[in-house]
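Student: Fold the stuff below for me.
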Amino acid sequence: MSAPPIQWYPGHIARAERQLKEQLKKVDVVLEILDARIPLASHHPQIDNWIGEKPRIMVLNRVDMIPESAKQDWSTWFKSREQEPYFANAKQGKGIKAIKVAAQKKGLAMNKRRRDRGMRPRPVRAVVIGFPNVGKSALINRLVGKKVVVSERRAGVTRQLRWVKISQEIELLDAPGIIPWRLENQQDAIKLAICEDIGQASYDNQVVAAAEVDLLLKLDYGKVLQSRFNLDPTGMTGEAFIQEAGDRFYKGDKERVARQILYDFRTGNMGQIPLELPPSVNK
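Tutor: Next up, the predicted model:
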């Protein structure tokens with residue numbers, strides 16, 4: 001099944017990226033939100049250049065959607081690269097306290113430098129950045145302790161930058177999801193589409209669902225598909241699995257099968273499944 005490359009760069013993201021680059025000059029610490037199911041694919045390749053030497057807090061959100069073993073593997077891998085990962089389930093409020101404490105610590109260091117220069121202390125200015133729909137708004141609402149920004153399970157809800165006061169110590173900039181203007185790595189683009197971290201207008205459900213089946217088989221999750229669809233995928237391509245499931249159970253409706261496969265993964269109905277593991281432990 002051939003399909004055009006997955007590309008998605010709506011106008012509001014282009015505007016937000018320009019504004020974000022301007023605001024980054026005023027920011028003391030960056031909270032980068034990654035999808036715990038795909039930490040590498042959900043890392044924006046240009047963020048490192050944008051933030052330079054600014055302190056970064058790396059948050060792997062949706063940790064409830066991966067097994068504990070994968071969490072430990074990622075923790076070990078990031079620490080081996082001298083990065084401290086913070087794991088969160090923003091929807092349930094888990095891991096939020098540690099993130100807030102980390103941001104406040106960065107603020108203490110910033111204000112010490114200000115005092116050393118004879119300047120008054122001020123609240124630490126943090127920004128939350130990441131791909132669309134990785135849970136930035138849900139995280140902000142948890143950090144503030146009330147619903148201050150709209151949070152929905154779809155890409156492109158936040159469309160403009162706004163400052164939100166968390167406490168006397170922290171001010172937070174909520175930015176729309178950002179995405180490269182061109183997705184060079186189409187394997188990563190497929191993973192972003194599977195996890196719904198990119199706008200639905202950018203992809204074909206059947207193509208992405210077929211790629212998901214192929215990926216699940218590669219990662220030894222074929223039994224999950226078999227139990228969900230009462231169909232053994234062994235030896236099948238993803239495209240063939242969708243065709244067969246459609247013919248058997250959905251009156252030939254392949255689109256319905258594709259939507260069901262994507263929905264079951266995205267909502268956790270398939271269980272805890274990481275689509276990426278650290279390079280050293282990839283299956």
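Student: ok, which stretches of the stretch 151-283 of the chain are helices?
Tutor: 186-194, 205-218, 222-229, 238-249, 254-266 (DSSP state H, counting those that start in this stretch).
Student: With mean pLDDT, distance to residue 63 and mean neighbour count added, can I get these in JSON lines?
Tutor: Where C-beta positions appear, they are placed from N, C-alpha and C, glycine not excepted. Output for the helices of the stretch 151-283 of the chain, formatted as JSON lines (pLDDT from 0 to 100; distance: least, C-beta to C-beta, whole Å; neighbours: other C-beta atoms under 10 Å):
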{"stretch": "helix 186-194", "mean pLDDT": "92", "distance to residue 63": "17", "mean neighbour count": "22"}
{"stretch": "helix 205-218", "mean pLDDT": "96", "distance to residue 63": "20", "mean neighbour count": "22"}
{"stretch": "helix 222-229", "mean pLDDT": "95", "distance to residue 63": "19", "mean neighbour count": "17"}
{"stretch": "helix 238-249", "mean pLDDT": "97", "distance to residue 63": "27", "mean neighbour count": "19"}
{"stretch": "helix 254-266", "mean pLDDT": "97", "distance to residue 63": "16", "mean neighbour count": "20"}
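Student: Between those helices, which one is closest to residue 105.
Tutor: Proximity to residue 105 (C-beta to C-beta) singles out helix 186-194 among the helices of the stretch 151-283 of the chain, at 31.4 Å.
Student: Can you add distance to residue 141 and give the helices of the stretch 151-283 of the chain back as JSON lines?
Tutor: Below are the helices of the stretch 151-283 of the chain laid out as JSON lines (distance: least, C-beta to C-beta, whole Å):
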{"stretch": "helix 186-194", "distance to residue 141": "23"}
{"stretch": "helix 205-218", "distance to residue 141": "29"}
{"stretch": "helix 222-229", "distance to residue 141": "31"}
{"stretch": "helix 238-249", "distance to residue 141": "36"}
{"stretch": "helix 254-266", "distance to residue 141": "20"}
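Student: Quick one, which of those helices gets closest to residue 21.
Tutor: That would be, of these and by C-beta to C-beta, helix 186-194, which comes in at 21.8 Å.
Student: next one: that closest one to chain centre, how far?
Tutor: 12 Å (C-alpha atoms, centre = their mean, to the nearest Å).
Student: name the helices or strands packed onto it?
Tutor: helix 205-218, helix 254-266 (3 or more C-beta pairs under 8 Å, 6 or more residues apart in numbering; DSSP states H and E).
Student: got the ones you listed as TSV, with distance to residue 131 columns?
Tutor: Rendered in TSV, the data for the helices and strands packed on helix 186-194 read as follows (distance: least, C-beta to C-beta, whole Å):
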stretch	distance to residue 131
helix 205-218	16
helix 254-266	14
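Student: Distance of residue 79 relative to residue 58?
Tutor: Separation of residue 79 from residue 58 (C-beta to C-beta, to the nearest Å): 11 Å.
Student: Name the residues contacting each of the two.
Tutor: Common contacts of residue 79 and residue 58 (C-beta atoms under 8 Å, 6 or more residues apart in numbering): residue 85.
Student: Which among the helices and strands packed on helix 186-194 is found nearest to residue 168?
Tutor: helix 254-266 (37.9 Å).
Student: What angle do helix 205-218 and the closest one make with each other?
Tutor: 50 degrees (axes from the mean of the first three to the mean of the last three C-alpha atoms, to 10 degrees).
Student: Next, the contact list for the residue lying closest to residue 100 once chain neighbours are set aside, please.
Tutor: Closest residue in space to residue 100, ignoring its immediate chain neighbours: residue 143 at 5.8 Å, by C-beta to C-beta, 6 or more residues apart in numbering. By C-beta under 8 Å, 6+ apart, the contact set of residue 143 is 96, 99-100, 166, 170, 172.
Student: And what about residue 143, helix, strand or coil?
Tutor: helix (DSSP: H, G, I helix; E, B strand; the rest coil).
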